[in-house]
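> Kindly return the folded structure for what I paste below:
(3 chains)
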Amino acid sequence: MGFLSQAWAIAQKDIVGELRSRETLFSMLLFGFLVILIFNFGIEPGMREENLVKPGVLWAAFTFAGILGLNRSFAAEKENDCLQGLLLCPVDRAVIYLGKFLGNFSFIFSMGLIVFLFFSVLYNVDMVATVLPLGAIMVLASVGFSAVGTLFSAVAVGIKARDVILSILLFPVMVPVVLAAAKSSARVLDGDPLGSAGLWLALLVVYDVIFLAVSIMVFDYAVEE
Amino acid sequence: MPETQTHAESAGVESAAGGGSWISILGGVTLVSILVALYGALIWAPTEAVMGEVQRIFYFHMPSAWIALGPSFTVVFICSIVYLVKKDLRYDRVAGASAELGVMFTTITLLTGPLWAKPIWGAYWTWDPRLTTTLVLWFIFVAYLMLRSSTSEGHKRARLSAVFGIVGWIDVPIVFMSIRWWRTIHPTLVSGEGMSMDASMQAVLMFSLFAFSLLYAFLLVVRVRQLDLSSRLDKLRQQLYMR
Amino acid sequence: MSQIGFLFVGYAVVWVALASYIIAVGRRQLTLRREVERLEREMRAQG
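Here you go, the predicted structure:
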């Protein structure tokens, strides 16, 4: 079995499991919607500054819901000792990382898209014009979030206060992702072409490449016994 | 046989507890340098033309920032990598000590920065890229220390801290770049520039930087020796009660 | 608060932070000292 197909097999296990129970996805979506709703009470629709604040709301919802998803994903692993089982497999640890990463990426990206749909309805965003460029931003942000999130989930798995420590570890490292995603989304929501946010997209790509590489290299040490 | 072993060990513990004289010399030189830097900053340096007396905070603010962003986190990064390769817990202890110092210097930077900004630019916080990056760095340091305190000492703690230390260090320059891009697009409030420094002021700044470097080095050595001693005591205690 | 006031608080912050760290390290050192002495006594008692 090739390297990628091994990773995909691991990812499939998570994805199929999730499609059956839908537990994690639903909690993430619900939480994301709630965050948008709560933020909305601090914003008057139609107020002058609305366009400045909107992207922030979207990405705050994405980040909080994403952390919830990561927590639940690894909690389920711990309960069934799946991680132990995986580690016993005669595969390269990098394959395990990639598999977990692909699984997490699918959840996070799907959640992000659906949260964006909810967001567009509430804020009267022209979905037809914005869904493709925003989808591209969502892909890049989800890659970055899942790359570091998967690694830190593995770090947090052995800690008592697992959920809290994951948030504390992840948020500071996510700053460039959230900033770049919010700034490029702001351009798109304003009606500018995606190219005008080129600098921020470049930053996202650089971040994704660097942290995927680093996580693959370091994952071994995070899970070794 | 066991007797001589533990006696030798206790002798080792003794010397670690007693300390070498070179550390005292380093400590003395550090203290003198800090006091000289203080004199230079408060009295010897001329008053800045535009900003006035409060600008003098800068002579201690900037070196703190430099130590926080530079040596303290880089030592954590390097020791994390070396620990993962060599599995020698000593490197983990150095990383931990350096992170504690990092939190201290970062806190000093974050408190002195606004105190300098408020009388000059009218606002405590200006989202200046360097200071904002320092704020994110503070959270990373604190997260690192919280990770360490949530597991008991040993190789597991060292391993997990090392992973986070490596990722965190790589993140800091990316954070700085992203905030800087953000601020060049929206330069609403003034940044940290606009200060004219003559030769004597630069001299004070350079000397203060030197004094803070000595301070960091001295405190690091003292704390690492303390952690070494603590570790040796633990082993000794285990040996004692195993019999 | 006047300029001198901010300056004073600024330097006070530095000294307080440094002092807190040094005091914390110092107290830990005292505890460790006592521990060393205790262990030495016990080792001598055990022969």
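> Could you list every helix and strand in contact with the longest helix along chain B?
The single longest helix within chain B, with elements called by DSSP state H, is helix B:199-242. When contacts are defined as 3 or more C-beta pairs under 8 Å, 6 or more residues apart in numbering or on different chains; DSSP states H and E, helix B:199-242 sits against helix B:2-18, helix B:21-39, helix B:58-67, helix B:89-121, helix C:3-46. Every residue, glycine included, has its C-beta placed from N, CA and C.
> how about low-confidence regions in chain A?
A:1, A:44-49, A:79-81, A:83, A:225 (pLDDT under 70).
> what's the distance between residue B:98 and chain C?
13 Å (C-beta to the nearest C-beta, to the nearest Å).
> Could you pull up the contacting residues of the nearest residue to that residue once chain neighbours are set aside?
Using C-beta to C-beta, 6 or more residues apart in numbering or on different chains and skipping residues adjacent in sequence, the residue nearest residue B:98 is residue B:75, 4.1 Å away. The contact partners of residue B:75, by C-beta atoms under 8 Å, 6 or more residues apart in numbering or on different chains, come to B:94, B:95, B:98, B:220.
> Run a quick neighbour tally on residue A:191.
9 (other C-beta atoms under 10 Å in any protein chain shown).
> how far away is it from residue A:133?
11 Å (C-beta to C-beta, to the nearest Å).
> For the helices and strands packed on helix B:199-242, state which one has the densest average packing.
helix B:58-67 (a mean of 24; mean count of other C-beta atoms under 10 Å in any protein chain shown).
> Is chain C within reach of it?
Yes - for helix B:58-67 and chain C, the contact criterion (C-beta under 8 Å from any C-beta of the partner chain) is met by B:60, B:61, B:64.
> List, one by one, the residues from chain A near chain B.
A:148, A:151-152, A:155, A:158-161, A:165, A:168-169, A:171-173, A:175-176, A:179-180, A:183, A:199-200, A:203, A:206-207, A:210-211, A:214-215, A:218, A:221-222, A:224.
> how about a cut-off of 7 Å?
A:148, A:151, A:155, A:158-161, A:165, A:168-169, A:172-173, A:175-176, A:179-180, A:183, A:199, A:203, A:207, A:210, A:214, A:218, A:221-222 (C-beta under 7 Å from any C-beta of the partner chain).
> Any quick PyMOL command for the buried ones out of these?
In PyMOL, a selection of the buried entries from the residues of chain A next to chain B looks like this (16 or more other C-beta atoms under 10 Å in any protein chain shown):
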select buried, chain A and resi 148+151+155+158+159+165+168+169+172+173+175+176+179+180+183+203+207+210+214+218+221+222
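> Around chain B, which positions in chain C sit nearby?
C:3-4, C:6-7, C:9-11, C:13-14, C:17, C:21, C:25, C:28-29, C:32-33, C:35-36, C:39-40, C:42-43.
> Residue B:184 and residue B:224: what is the separation?
Relative to residue B:224, and taking C-beta to C-beta, residue B:184 is found at 41 Å.
> quick one on the thing from earlier: identify, from the contacts of residue B:75, the entry nearest to residue A:112.
Nearest to residue A:112 among the contacts of residue B:75: residue B:95, at 35.2 Å, using C-beta to C-beta.
> Leaving out sequence neighbours, find the closest residue to the closest one.
residue B:79 (3.9 Å).
> what does residue B:88 give?
Per C-beta to C-beta, 6+ apart, closest to residue B:88 is residue B:82, 7.6 Å.
> How about residue A:162?
With C-beta to C-beta, 6+ apart, the residue lying closest to residue A:162 is residue A:156, at 4.9 Å.
> Around residue A:182, how many other residues sit close by?
With other C-beta under 10 Å as criterion, residue A:182 counts 21.
> Check the one 4 residues further on too.
Residue A:186 has 19 neighbouring residues, counting by other C-beta under 10 Å.
> Now find how far off-centre the host helix or strand of it is within its chain.
Assigned by DSSP states H and E, residue A:186 falls within helix A:162-189. Helix A:162-189 sits 9 Å away from the centroid of its parent chain (C-alpha atoms, centre = their mean, to the nearest Å).
> same thing with stretch A:2-19?
18 Å.
> Low-confidence regions, chain C specifically.
Those would be C:1, C:47, if you go by pLDDT under 70 across chain C.
> For chain A, what is the nearest residue in it?
residue C:17 (21.2 Å; C-beta to the nearest C-beta).
> isn't that residue right up against residue B:106?
No - judged on C-beta atoms under 7 Å, residue C:17 makes no contact with residue B:106 at a distance of 10.1 Å.
> Let me see the contact set for residue 39.
Here I'm looking at chain A. A:57, A:60 (C-beta atoms under 7 Å, 6 or more residues apart in numbering or on different chains).
> Switch to chain C, please.
Applying C-beta under 7 Å, 6+ apart, the residues near residue C:39 are B:233, B:236, B:237, B:240.
> Now distance to residue B:45 and pLDDT too, for these, in a markdown table please.
Output for the contacts of residue C:39, formatted as a markdown table (distance: C-beta to C-beta, whole Å; pLDDT from 0 to 100):
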| residue | distance to residue B:45 | pLDDT |
| --- | --- | --- |
| B:233 | 46 | 90 |
| B:236 | 51 | 85 |
| B:237 | 52 | 84 |
| B:240 | 56 | 79 |
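> Which one (most neighbours) among those?
residue B:236 (21 neighbours).
> could you check the distance from it over to residue A:186?
Counting by C-beta to C-beta, the gap from residue B:236 to residue A:186 is 61 Å.
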